[in-house]
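K.L.:
mind folding the following:
(2 chains)
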Amino acid sequence: MRVSLFITCYNDTLFPATGQAVVRLLERLGHTIEFPLEQTCCGQMHYNTGYQQEAMPMMRRFVEVFRDAEAVCIPSSSCVAMIRDHYPLMAAEQSDPGLARAVDELLPRIYELTELLVHRFGLEDVGAAFPHRVTYHASCHSLRSLHLGDLPLRLLRNVRGIELLDLPNVDRCCGFGGTFAVKMGDLSAAMLAEKMQDIESTRAEYVTAVDNSCLMHIFGGLHRQNTGIRTAHIAEILASTENEPLEVTA
Amino acid sequence: MTIRVADAAESPSFQKAALPLLHDTQLRANVRHATDVIQRKRAAVVGETPDWQELREAASAIKTHTLRHLDSYLLQFEQACTAAGGHVHWASDADEANRIIADIVRQHGGKEVIKIKTMTSDETKLNDALEHEGIRAHETDLAELIIQLGDDKPSHIVVPALHKNRNQVREIFREQMHLPELGNKPEDLTAAARHYLREKFLSVNIGLCGANFLVAETGGVCIVESEGNGRMCLTLPDVLISLAGIEKIIPTFQDLEVFLQLLPRSATGERMNPYNSLWTGVHQNDGPKHFHVVLLDNGRTSVLADAEARQTLHCIRCAACLNTCPVYRQTGGHAYGSSYAGPIGAILTPQLLGMDAAQSLPYASSLCGACYEVCPVKINIPEVLIHLRGRVVREQKSALDPEALAMKTAAAVFASRRRFEAAQRMGRLGQWPVVSDGWVKNLPGMLGNWTRVRDLRALPQQTFRGWWKQRVKAGKQAGHG
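P.N.:
Presented below is the predicted three-dimensional model:
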């Protein structure tokens, strides 16, 4: 299949390794990857912070760039949530029937990475190997907007050598919340402290998730506290094999 | 008109009010314990209800319909209540409601009233207004009594004293009830309250309550409670006054079947409330001789006018959203500066105040969505929060606000591939003053809120698109990019 990758602005800028892992994984599974260079941002940060008008051109841009894609893969559940939950409302507000139709037609072809693997490709075993103790953090959007349920866990359970450890209070927010982490920094820190306690109680080496935004927040705390616990986006674990293990950057 | 929601208009911002609470070890332990217990009980009784989602759907539909026709349902209620011997009063704001109630009390020569827990009266600051008129209000709900005797403020819609543990309650009762020997066992404390309150029940002749539901069809009022103090206040006095927000209306008696399944399960984790009181007007030789309902607007009609946010008025005050909220969990209710704490308070309070005050509240959420998941009337609180943030930005923020400027700049960057790539490049080249060993540990300005507690990885040497372009160029694979 010809898969168009929407890497998301923060993965592009801050987490190139995640994008590289998505490319490696999907190519290993026999798919062709496209990366339209005109893509920028889905508009989530603006929209959720109250700058809804500023997010409109980003929505138009996304629809323009991906309207002809066979399937769009997005390794971020919160960006998928932005697109699925808000684009139709935004388009309706624009009183532009062409745009609303384009959004409607595009939405069924939008996939979060694990949705693409399990729902579209029918895969639960992607041939990965990752011989580490790992705990899975269920991001809020993956749970309550995308309703991914145990989709990511089904993929992780089939990874060779992995020891999956249950995270207590797995459905509780880590305290990132986009600009919340900065606007309400003290609250966000208190929430993160609880999340880190739960993570440390699992004795995991790695925390994984389908969103690097939560992981950036969680790792920021784990690193500051010198816990020695790392984070890895699920794409990086699923791309890892016996021959090509995940490259750990210091 | 003076809209008042307790002291919310004058309260400090959420983040400011939260800080001392975050350092109150006892309070945080109390809040976590209490919300964990209620959540576990709720999950059990919701889990055993096979048609829970259908009930939520039905409740949402009833509320949507009622709000669309609120004008006629309110008039229908007035007519039915009046026909049954009740008196209906209309109050446009908090002061008017308080004045009406004080007048009724005075007409009956009252100097004291006994009260059932009503958050609406906390909203209007009724007790203070009555005090001003020389009328003493006695709270009879155990939690409200603790709050009143401790000169405290409620921190939860259903369990107002949830931030106090029994040792703290004992201290308040010891001092205020003059019981130096009082123990800290639950039965010691309830016995002390019982003894203290029994005297009020038997001597005060005017009762004051809120309303869980007003039934338009019959003119009936419904109140659910756990302790029985409510039943005392509703049946013993000669005069009964009910203060109710106009959104408490439901069309028919039959509609109660939906709400009386949803409310107790959501609020206290019970299949039904221990006491369900339902009465219509007055009856000879049975209950109060005089019954008044004060219908309160106090900003509700302006909430109704906002099509995207009016679902806020669906709320039946179960507080399930508070119990599940990871933000409320950290601070308890006082940080919200209002009678209404938690996620519902974060959307209700600023709207009642016309968005002119309490503007930090829509931001007091990580938008995790746990509130929407548990809401028995399906208020999409995260959607409303985002909508209200938009109103704060559009109606309140100056275009020169640093955040607004940053957001507009970011929007301009995202509007063009060239500008986006240039910004990535500039970030990478310009970050050296704040980077050491590949990490950012100290950022200036608002971004310092991140690095005060969290590290941030420095921008990597190559962006994903940089890697992709290089790969395409190397001809490793024929990309279309």
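
K.L.:
where in the chain is pLDDT low?
P.N.:
Reading this off chain A. Chain A contains residues with pLDDT under 70 at A:248-250.

K.L.:
should've been chain B
P.N.:
Applying pLDDT under 70 to chain B flags residues B:476-481.

K.L.:
same thing but 50
P.N.:
Applying pLDDT under 50 to chain B picks out residues B:479-481.

K.L.:
would you map the strands across it?
P.N.:
For chain B, applying DSSP state E gives strands covering B:87-91, B:112-115, B:136-139, B:206-209, B:213-215, B:220-225, B:239-245, B:249-250, B:275-280, B:290-296, B:435-436, B:439-440, B:456-457.

K.L.:
of the ones you listed, flag the one that's most buried.
P.N.:
strand B:206-209 (a mean of 27; mean count of other CB atoms under 10 Å in any protein chain shown). Placement of C-beta: from N, CA and C, glycine included.

K.L.:
just the CA atoms of that one, as PDB, please.
P.N.:
This file holds the C-alpha atoms of strand B:206-209, laid out as PDB (Å, rounded to 0.1, in the frame of the first residue of the first chain):
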ATOM      1  CA  ILE B 206     -38.600  27.700  58.700                       C
ATOM      2  CA  GLY B 207     -36.800  25.300  56.400                       C
ATOM      3  CA  LEU B 208     -34.600  26.200  53.400                       C
ATOM      4  CA  CYS B 209     -33.600  23.800  50.700                       C
END
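
K.L.:
can you give me the strands for chain A?
P.N.:
Using DSSP E, the strands of chain A run over A:2-5, A:32-34, A:71-74, A:110-112, A:133-136, A:163-165, A:206-209, A:230-233.

K.L.:
could these go into TSV alongside mean neighbour count and distance to chain B?
P.N.:
Formatted as TSV, the strands of chain A follow (neighbours: other CB atoms under 10 Å in any protein chain shown; distance: least, CB to the nearest CB, whole Å):
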stretch	mean neighbour count	distance to chain B
strand A:2-5	20	8
strand A:32-34	18	5
strand A:71-74	24	13
strand A:110-112	24	16
strand A:133-136	21	17
strand A:163-165	16	21
strand A:206-209	24	14
strand A:230-233	22	10
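
K.L.:
redo these as JSON lines? Include distance to B:Phe201.
P.N.:
Shown next, in JSON lines, are the strands of chain A (distance: least, CB to CB, whole Å):
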{"stretch": "strand A:2-5", "distance to B:Phe201": "70"}
{"stretch": "strand A:32-34", "distance to B:Phe201": "75"}
{"stretch": "strand A:71-74", "distance to B:Phe201": "62"}
{"stretch": "strand A:110-112", "distance to B:Phe201": "59"}
{"stretch": "strand A:133-136", "distance to B:Phe201": "55"}
{"stretch": "strand A:163-165", "distance to B:Phe201": "56"}
{"stretch": "strand A:206-209", "distance to B:Phe201": "55"}
{"stretch": "strand A:230-233", "distance to B:Phe201": "59"}
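
K.L.:
where does the stretch 251-400 of chain B come near chain A, residue by residue?
P.N.:
B:326-327, B:330-331, B:362-370, B:372-373, B:386, B:389-394 (CB under 8 Å from any CB of the partner chain).

K.L.:
where's A:Arg172 relative to A:Glu194, distance?
P.N.:
Distance of A:Arg172 to A:Glu194, given as CB to CB, to the nearest Å: 7 Å.

K.L.:
so what's the residue nearest the centre of chain A up against?
P.N.:
Geometric centre of chain A, nearest residue: A:Ser76, 2.1 Å, by CA atoms, centre = their mean. Counting by CB atoms under 8 Å, 6 or more residues apart in numbering or on different chains, A:Ser76 makes contact with A:8, A:11, A:112, A:210-213.

K.L.:
ok, 7 Å please
P.N.:
By CB atoms under 7 Å, 6 or more residues apart in numbering or on different chains, the residues touching A:Ser76 are A:8, A:11, A:211-212.

K.L.:
look up how far chain B lies from it.
P.N.:
Taking CB to the nearest CB, to the nearest Å as the measure, A:Ser76 falls 12 Å from chain B.

K.L.:
now that residue: phi and psi?
P.N.:
Per-residue torsions, A:Ser76: phi -160, psi 110 (degrees, to the nearest 10).

K.L.:
check the offset of stretch B:38-50 from the chain's centre.
P.N.:
Relative to the centre of its chain, stretch B:38-50 is centred 21 Å away, using CA atoms, centre = their mean, to the nearest Å.

K.L.:
that stretch and chain A in contact?
P.N.:
No - using CB under 7 Å from any CB of the partner chain, stretch B:38-50 never reaches chain A; the gap is at least 10.9 Å.

K.L.:
need the residues that contact that stretch.
P.N.:
B:52, B:265-266, B:268-271, B:320, B:323-324.

K.L.:
done for today, thanks.
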